[in-house]
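A.B. asks: Quick check, what structure comes out for this input:
(one chain, ligands or ions: 2)
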Amino acid sequence: MNNHIHWYPGHIAKAERELKEKLKQVDLILEIYDARIPYSGAYQNSDKLTNNKTKIILMNKSDLADDIKTKIWVKKIEDKFNCPCILTTTKNQKDTKIIIDKILDQSKPLFEKLKSKGLLERPVRVMVIGMPNVGKSSVINKLTKTSKTKTGAKAGVTRNQQWVRVHPKIELLDTPGIIPSIQDDQLKALKLAMVNSISENAYDNEYTAEHLLKILDKYYGIQTRAYYNLEKDEPLTIENIAYKRNWIIKGQKPDIVRCSQFILTNFRDGKIGKITLDEPEDF
Ligand SMILES: Nc1nc2c(ncn2[C@@H]2O[C@H](COP(=O)(O)OP(=O)(O)OP(=O)(O)O)[C@@H](O)[C@H]2O)c(=O)[nH]1
Ligand SMILES: [Mg+2]
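C.D. replies: Ligands and ions are numbered 1, 2, ... in the order given. Modelled structure (predicted):
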């Protein structure tokens, strides 16, 4: 298989068109990142796409990311975009009030403008955007404490926009995940594959798992070896992990196919530990 990743399906092109069409109705942007890839999972041209509308960034899936690196990333993102950046996880409700309060706070100019024009106050309209599978719909469901929007552990679950009232003064617009039309940075694309942000038809599991192990070896070598019961001087390879589990196929070869999928799933489920794939000092 050619290992070059290119994924820009028709439904994403459509999602981007529809997003632009809706902008006029929208007051505020809630942009969601995956905290494990705060650089690779950020849509680089999102400000251009949203006409530089006021935004709040949520670093979601923080329960799966490295706490120390996440703190540094939050500061970095706030400085770069000059906007609030809030750590979130849909695993608990602790940050719900923080998100709601921040949206209301950022909406003050809108409410004041309506008042000064003698218009009736209306809910602020917030568009939720982000790469596929970062948790846009899950965050909305969490804020409403319902399952009004559909969620799922693969890219491209939301196919249509949907307005949801999450507070008497706040309406959120759920949108399908978007991704740049050209993946010119292949390492970024690989990291999107690692966190399950692109369709599994678009990448090779073995190649992706191999690169994931390289990153884990460099920054999380001890804990990854411990998780797979490897000695500290044993190379962190798919083969070694397969041998350790006794996953052998015909010809006494390690079962690379099964083991690659296993490693990717372990990482995605947070089994290896809290891991961040983008290093703050590299960007
Ligand atoms: N561990 C963890 N899982 C999360 C979190 N938020 C969402 N998920 C899971 O991530 C997967 C994707 O969530 P969705 O809410 O469907 O993501 P989305 O951004 O709406 O995805 P698309 O609609 O496909 O663009 C689901 O399996 C969620 O349960 C989180 O904070 N922590
Ligand atoms: Mg969704």
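A.B. asks: In contact with the residue in the stretch 1-150 of the chain that ligand 2 sits nearest to, which residues?
C.D. replies: Residue of the stretch 1-150 of the chain nearest ligand 2, by C-beta to the ion: residue 137 (3.3 Å). Quick note: C-beta positions are derived from backbone N, CA and C, even for glycine. Residue 137 makes contacts with 149, 150, 151, 157, 158, 174, as judged by C-beta atoms under 8 Å, 6 or more residues apart in numbering.
A.B. asks: Quick check: chain neighbours aside, which residue is closest to the first one?
C.D. replies: If you skip the residues right next to it in sequence, residue 149 has residue 137 as its closest partner in space, 3.9 Å away by C-beta to C-beta, 6 or more residues apart in numbering.
A.B. asks: Residues of the stretch 1-150 of the chain that sit close to ligand 2?
C.D. replies: Listed as neighbours of ligand 2 in the stretch 1-150 of the chain under the rule C-beta under 5 Å from the ion: 136, 137.
A.B. asks: Low-confidence bits of the stretch 1-150 of the chain, can you list those?
C.D. replies: Counting by pLDDT under 70, the low-confidence segments of the stretch 1-150 of the chain come to 1.
A.B. asks: mind listing the helices for it?
C.D. replies: Taking DSSP state H, counting those that start in this stretch as the test, the helices found in the stretch 1-150 of the chain are 10-22, 46-49, 67-81, 96-106, 108-116, 136-144.
A.B. asks: List the buried residues in the helix or strand containing residue 207.
C.D. replies: Per DSSP states H and E, residue 207 falls inside helix 205-227. Residues of helix 205-227 classed as buried: 205-213, 215-216, 220, 224-225, 227 (neighbour count, 16 or more other C-beta atoms under 10 Å).
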